[in-house]
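Trainee: quick one: sequence and predicted model below, then my questions.
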Amino acid sequence: MPRPTALAVHQVARPAGAPTADDFAFVEESVPPLAEGEVLVENIYQSVDPYMREEMDEGGWELHAPLEGRTLGRVVESRTPALPVGTLVHHRRAWRTHSVVGAAGATALPGFAGVPLSAHLSVLGGTGLSAWVGLTRIARLQPGETVFVSAAAGGVGSAAGQLARLLGAGRIVGSAGSAAKVRHLTDRLGFDAAFDYHDGPIADRLHEAAPDGLHVYLDNVGGDHLEGAIGALRDHGRIAWCGAVAQYNHRSRPPAAPRNLFDVVGKSLRLEGFLVRDHLDAKPELYDFLVPHLRSGAVVPDETVVRGFENVVDAFLGMLRGANTGKMIVQLTDAP
Ligand SMILES: NC(=O)c1ccc[n+]([C@@H]2O[C@H](COP(=O)([O-])OP(=O)(O)OC[C@H]3O[C@@H](n4cnc5c(N)ncnc54)[C@H](OP(=O)(O)O)[C@@H]3O)[C@@H](O)[C@H]2O)c1
């Protein structure tokens, strides 16, 4: 039987500062015959994520080699009874049109009627799980509390705002990088207040948006956002530190903020970082909580879907610059 040819993306240079398309190359790969226990997956959706920027630095991804990332696809050839042809799977051999994966590296997706497949990369995937874990396990958000979410119009942020509402938050404040995103937060996603972080000091914007102070901060940005939030948190407030996207292009340069870190002591704050991969056991909790709300329409998977594998690099670079609203996803082929 003729073997399909896969188109793949490799990283070919290490960026100094913001990456460019020249740091990547498209390469053709022949797909090898399957060994016992392997499947061939035709990839349908791929996630592009901020952590990938960190992988581009020395010590991360190898140059001129296959890359990784979260991907959804359909099994088109199988040498394991565990994953027959037609099974929809999640795996991490991304940045290519077809992937050969061992059965242990691919997970059959639960089919939730009425929920789009792409949700397994957005609200029901690692992105939504990060928001869930940050709010419930790390910050332990309580009903009635005021929560601030940064990068609020992104994947984790848009999930966090909607989850915080369902968890009974009293007031939900978000920051994002444009007036259009601010309107999206308040008009579509149910945030009580939102601001564009380009519009002056974060501390001033937070004082206007949450005059009685914050109980919880879900930090996706770091730097001046973290400094502003430390200043706005009430005594015994909690920070769930999820990411620091403002820093990823400048990892060799120490961030100028936060300058008020010692207020963590003065206000008896709790600041706790977390990695979602250490909380994969929370997935069933998230499914139980969220799937009924997705089916009822109370929660919308907020996604920017870029079509065509040839646009995967642009989608990744665009996400780093804020071109996405909600989770940035690349669609390679038609979804079922
Ligand atoms: N701890 C974990 O396990 C874990 C898991 C997943 C994600 N994360 C982290 O969560 C954060 C969000 O990830 P995501 O996948 O949901 O990405 P995302 O928010 O969908 O996309 C990144 C967003 O960052 C914003 N941004 C870029 N540069 C910025 C800057 N200098 N200051 C403020 N905002 C900036 C852009 O939106 P604007 O237009 O608003 O600037 C962009 O849309 C990232 O820090 C990521 O590393 C952590």
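Mentor: Happy to help now that I have it. Residues are numbered from 1 along each chain as shown.
Trainee: name the residue closest to the centre of this structure, please.
Mentor: With distances taken as Cα atoms, centre = their mean, residue 127 lies nearest the centre of the chain, 3.9 Å away.
Trainee: which residues touch the helix or strand containing that residue?
Mentor: Assigned by DSSP states H and E, residue 127 belongs to helix 126-132. Helix 126-132 has contacts (Cβ atoms under 8 Å, 6 or more residues apart in numbering) with 47, 70, 119, 121-122, 155-157, 159-160, 163, 218, 242, 276-277, 279-280, 282-283, 285-286, 289-290, 327. No exception for glycine: its C-beta is placed from N, CA and C like everyone else's.
Trainee: how about the CA coordinates for stretch 3-14, as CSV?
Mentor: In CSV, the C-alpha atoms belonging to stretch 3-14 read as follows (Å, rounded to 0.1, in the frame of the first residue of the first chain):
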residue,chain,number,x,y,z
ARG,A,3,2.7,5.3,2.2
PRO,A,4,1.4,8.9,2.8
THR,A,5,3.9,11.7,2.9
ALA,A,6,3.6,14.0,5.9
LEU,A,7,4.4,17.7,5.9
ALA,A,8,6.1,18.8,9.1
VAL,A,9,7.6,21.9,10.6
HIS,A,10,11.0,22.0,12.2
GLN,A,11,12.7,24.7,14.1
VAL,A,12,15.9,25.8,12.3
ALA,A,13,17.2,28.7,14.3
ARG,A,14,17.1,30.1,17.9
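Trainee: which parts of that stretch are buried?
Mentor: By neighbour count on 16 or more other Cβ atoms under 10 Å, the buried set for stretch 3-14 is 6, 7, 8, 9, 10, 11.
Trainee: which SS class is the third one?
Mentor: What DSSP: H, G, I helix; E, B strand; the rest coil gives for residue 8 is strand.
Trainee: who touches it in this structure?
Mentor: 26, 27, 28, 29, 66, 67, 95, 96, 97.
Trainee: ok, the second one next?
Mentor: Contacts were defined as Cβ under 8 Å, 6+ apart; by that measure residue 7 touches 26, 27, 28, 29, 96, 97, 309.
Trainee: from those residues, which shows the smallest pLDDT?
Mentor: Among the contacts of residue 7, residue 29 carries the lowest pLDDT, at 92.
Trainee: how close does it sit to the ligand?
Mentor: 27 Å (Cβ to the nearest ligand atom, to the nearest Å).
Trainee: I'd say that residue and residue 93 touch.
Mentor: No: Residue 29 lies out of contact with residue 93 (Cβ atoms under 8 Å); the separation is 11.3 Å.
Trainee: neighbour count: those two, which is higher?
Mentor: A count of neighbours by other Cβ atoms under 10 Å puts residue 93 above the other of residue 29 and residue 93, at 23 against 16.
Trainee: need the nearest residue in space to the more buried one, chain neighbours excluded.
Mentor: Leaving aside its chain neighbours, residue 93 sits nearest to residue 99 (3.7 Å; criterion: Cβ to Cβ, 6 or more residues apart in numbering).
Trainee: hey, what's the one you found bridged with?
Mentor: Judged by DSSP bridges, the bridge partners of residue 99 are residue 41.
Trainee: contacting residues around it?
Mentor: The neighbours of residue 99, taking Cβ under 8 Å, 6+ apart as the test, are 6, 40, 41, 43, 71, 73, 91, 93.
Trainee: enumerate the positions of the helix or strand that contains residue 101 that are buried.
Mentor: If you go by DSSP H and E, residue 101 is part of strand 98-102. In terms of neighbour count (16+ other Cβ under 10 Å), strand 98-102 has its buried residues at 98, 99, 100, 101.
Trainee: now do the helix or strand following that strand: which elements does it pack against?
Mentor: Remark: after strand 98-102, the chain's next helix or strand is strand 107-108, criterion DSSP H and E. Packing contacts for strand 107-108, counted by 3 or more Cβ pairs under 8 Å, 6 or more residues apart in numbering; DSSP states H and E, involve strand 88-91.
Trainee: now do the strand it packs on, average pLDDT.
Mentor: Confidence for strand 88-91, expressed as mean pLDDT, is 98.
Trainee: quick one, domains of this structure?
Mentor: Per automatic domain parsing, the structural domains of the chain span 5-122+302-331, 129-277.
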